[in-house]
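S.K.: 3D model of this:
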Amino acid sequence: MTMPTGDWDSAYRQQEPAPWDIGRPQPPFVAVVEQGLLTGTILDAGCGTGENALLLATRGGRVTGVDLSETAISRARQNAADRGLAASFVVGDILTIPLPESGFDAVVDSGLFHVFSDEDRKRYVTVLAGALRRGGLCCLMCFSDRQPGDWGPRRVTRAELEEAFADGWALESLEPAVFDINPTFGMTTVQAWRAMIRRSP
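M.R.: Numbering: from 1, shown residues only. This next block holds a predicted model:
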């Protein structure tokens with residue numbers, strides 16, 4: 001199951017920022033945005049404090065960010081206001097929150113996929129398929145099995161990503177990447193996958 005709302009919220013209420021809350025978009029995601037691959041109406045699943053969503057808004061994207069944490073969403077809304085950017089941020093569980101059917105041209109997931117159990121992972125992919133227009137693009141970054149040790153979220157293998165998106169999707173690219181993180185156990189980066197996944201027409 002997903003982490004309870006309060007647990008995620010407490011991560012954002014601590015004095016020190018959570019490892020993933022770096023105050024800017026992840027560089028591999030920025031590279032995709034700069035290529036102009038994410039346009040139109042965009043869902044940011046697990047948006048946190050909104051940095052990826054707000055980057056998309058600067059490029060004309062009509063973005064809706066969803067996150068379990070009320071604190072993160074409050075900060076995302078404040079960040080949008082401070083920067084004069086238009087984006088919608090909603091508190092909710094991506095697995096259950098009502099989303100407009102086939103309402104998005106693109107989906108962004110920067111660090112959400114890897115938090116799900118096997119059961120909820122399947123539910124999540126079904127949710128994305130329902131929310132994304134046919135032919136739409138999902139840009140997903142998740143924790144990788146190439147990361148040594150056992151700190152942090154569940155590691156994800158290439159095979160798991162391929163299996164999760166085998167039905168009704170086309171995996172256009174799956175590349176090694178890194179997440180930048182706030183210094184944690186002496187680390188400032190962790191190993192990731194960046195996947196570009198197309199909803200079948």
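S.K.: in the protein, what spans have low per-residue confidence?
M.R.: Scanning the chain for pLDDT under 70 picks out the ranges 1-6.
S.K.: Please work out which residues outside the longest strand belonging to the chain touch it.
M.R.: Counting residues, the longest strand found in the chain (DSSP state E) is strand 169-184. The contact list for strand 169-184, computed with CB atoms under 8 Å, 6 or more residues apart in numbering, reads 16-22, 26-28, 111, 129, 137-138, 141, 143-144, 146, 151, 158, 161-162, 165, 187-200. Where you see a C-beta, it was placed from the backbone N, CA and C, and this is true even at glycine.
S.K.: cool, stretch 24-41 as well?
M.R.: 51-52, 55-56, 59-64, 103-106, 108, 110, 137, 139, 141, 177-180, 192, 194, 196.
S.K.: again with stretch 7-15
M.R.: By CB under 8 Å, 6+ apart, stretch 7-15 touches 18, 21, 48, 49, 67, 68, 69, 70, 71, 72, 75.
S.K.: and the fourth one, how many neighbours?
M.R.: Which is residue 49. When neighbours are counted by other CB atoms under 10 Å, residue 49 registers 27.
S.K.: Same check on the second one?
M.R.: Applying the criterion other CB under 10 Å, we find 17 residues in the vicinity of residue 21.
S.K.: Can you point out the helix or strand that includes it?
M.R.: Using DSSP states H and E, residue 21 is not contained in any helix or strand.
S.K.: got the contact list for it?
M.R.: Counted by CB under 8 Å, 6+ apart, residue 21 has contacts 11, 12, 48, 49, 72, 182.
S.K.: same thing but at 10 Å, please
M.R.: 11, 12, 14, 48, 49, 51, 72, 75, 181, 182 (CB atoms under 10 Å, 6 or more residues apart in numbering).
S.K.: taking those residues one by one, which sit in helices?
M.R.: Applying DSSP state H to these, the entries found in helices are 11, 12, 51, 72, 75.
S.K.: Show the subsequent helix or strand relative to the helix or strand hosting residue 127.
M.R.: In the assignment (DSSP H and E), residue 127 maps to helix 118-131. Remark: after helix 118-131, the chain's next helix or strand is strand 132-143, criterion DSSP H and E.
S.K.: That next one - which strands sit beside it in the sheet, and in what orientation?
M.R.: Strand pairing for strand 132-143, determined by DSSP bridges: strand 104-110 (parallel), strand 187-199 (antiparallel).
S.K.: And the closest residue to residue 121 other than its chain neighbours, how far from residue 189?
M.R.: Nearest residue to residue 121 in three dimensions, chain neighbours excluded: residue 164, at 6.0 Å (CB to CB, 6 or more residues apart in numbering). According to CB to CB, to the nearest Å, residue 164 and residue 189 sit 24 Å apart.
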